[in-house]
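[1] Take this sequence and fold it.
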Amino acid sequence: MKNATPNLPVIKRKRFGLALVLTLVGLASMQSCIIITDGGNHGQEGRAYFGIDYDWNPPYSYWDDNPSVPDNPFFGEYYRTLDGIYDFEYFINPYEYWWGTYEIYVNPGTAGGPNGEDGLDGADTYLMLICNENGFYFEGWEDCSCTRTLEDGTQIIELNKGDKKYRIEMRKADVRTRPSENTPKFRADQP
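    All right, here's what the predicted structure looks like:
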């Protein structure tokens, strides 16, 4: 009869090898696990504000189709508004006026992050339409970071820098060549 002791170290080596293989397989499967955590809430949209003003002489009258701007709006005051493209007209006297569109943008919030981290809220936007006799005006065009171009008699003022964004298109007319059919929200000769 043979002694069984010489086979004992071989069995221990097989068990150790099997344990090692199972451990490595277990570690490999743990590394490939995907841990799912809930993302945070999306940041809130920014608010948008619009107003009208002038530098030297108030306009004779003002009209736009933005429902957020009330009748007899205060000059230099901002009104909370929705984003979109709105038509406007402002008369500089009973016969001549500027007309066009202004576009209001709303900054979206950022997406939520991992582990429940909430996204950032969008920045608020502001547009003040300056109703001057010679059209939209900035005292220092270089300070406004916007562009102003003239195309076929249309003045285009645009700002698209980070979270500051708006666009105005306007042209001058008179009542003989382009009669206005809009009822003004503001008129200088009426209380």
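[2] C-alpha from now on. contacts and neighbour counts both.
    Will do.
[3] Quick one: the helices in the protein, in order.
    8-31, 141-144 (DSSP state H).
[4] weakest of the ones you listed in terms of mean pLDDT?
    For the helices of the chain, mean pLDDT drops lowest on helix 141-144, to a mean of 55.
[5] OK, contacts around the nearest residue to Met128 once chain neighbours are set aside?
    Taking C-alpha to C-alpha, 6 or more residues apart in numbering, and ignoring the residues beside it in sequence, Met128 has Gly51 as its nearest neighbour in space, at 4.7 Å. Counting by C-alpha atoms under 8 Å, 6 or more residues apart in numbering, Gly51 touches 69, 75-79, 127-129.
[6] and what of Gly43?
    Contacts here follow C-alpha under 8 Å, 6+ apart; on that basis Gly43 touches 108-112, 118-122.
[7] How about Ile156?
    147-150, 167-170.
[8] Start and end of stretch 70-89, how far apart?
    By C-alpha to C-alpha, to the nearest Å, the extent of stretch 70-89 from end to end equals 15 Å.
[9] you'd agree Trp99 is up against Ala173?
    Yes. If you go by C-alpha atoms under 8 Å, Trp99 and Ala173 touch, sitting 7.4 Å apart.
[10] Tell me the bridge partners for Tyr86.
    Beta-bridge partners for Tyr86, by DSSP bridges, are Tyr102.
[11] Tell me the spacing between it and Arg178.
    19 Å.
[12] pLDDT-wise, which helix or strand of the chain ranks last?
    helix 141-144 (a mean of 55; mean pLDDT, DSSP states H and E).
[13] any idea which residue sits dead centre in the protein?
    Centroid-nearest residue in the chain: Asn107, 2.1 Å away (criterion: C-alpha atoms, centre = their mean).
[14] Contacts only, for that residue.
    Going by C-alpha under 8 Å, 6+ apart, Asn107 touches 45-47, 122-125, 163.
[15] again with Pro179
    Contacts of Pro179 were listed using C-alpha under 8 Å, 6+ apart, and none were found.
[16] returning to that earlier point: now tell me which of the contacts of Asn107 the prediction trusts least.
    Note: of those, the lowest pLDDT belongs to Asp163, at 80.
[17] Gly109 is in contact with that one, correct?
    No. With contact defined as C-alpha under 8 Å, Asp163 does not count as touching Gly109 (10.8 Å).
[18] quick check: longest strand of the chain.
    The strand that spans the most residues within the chain, counting by DSSP state E, is strand 164-174.
[19] buried stuff in that one?
    164-173 (16 or more other C-alpha atoms under 10 Å).
[20] isn't Lys164 right up against Thr125?
    Yes. Using C-alpha under 8 Å, Lys164 is in contact with Thr125, at 6.3 Å.
[21] so what's the closest residue to Leu129 other than its chain neighbours scoring on pLDDT?
    Among residues not flanking Leu129 along the chain, Ile52 sits closest, at 4.7 Å (C-alpha to C-alpha, 6+ apart). Ile52 carries a pLDDT value of 94.
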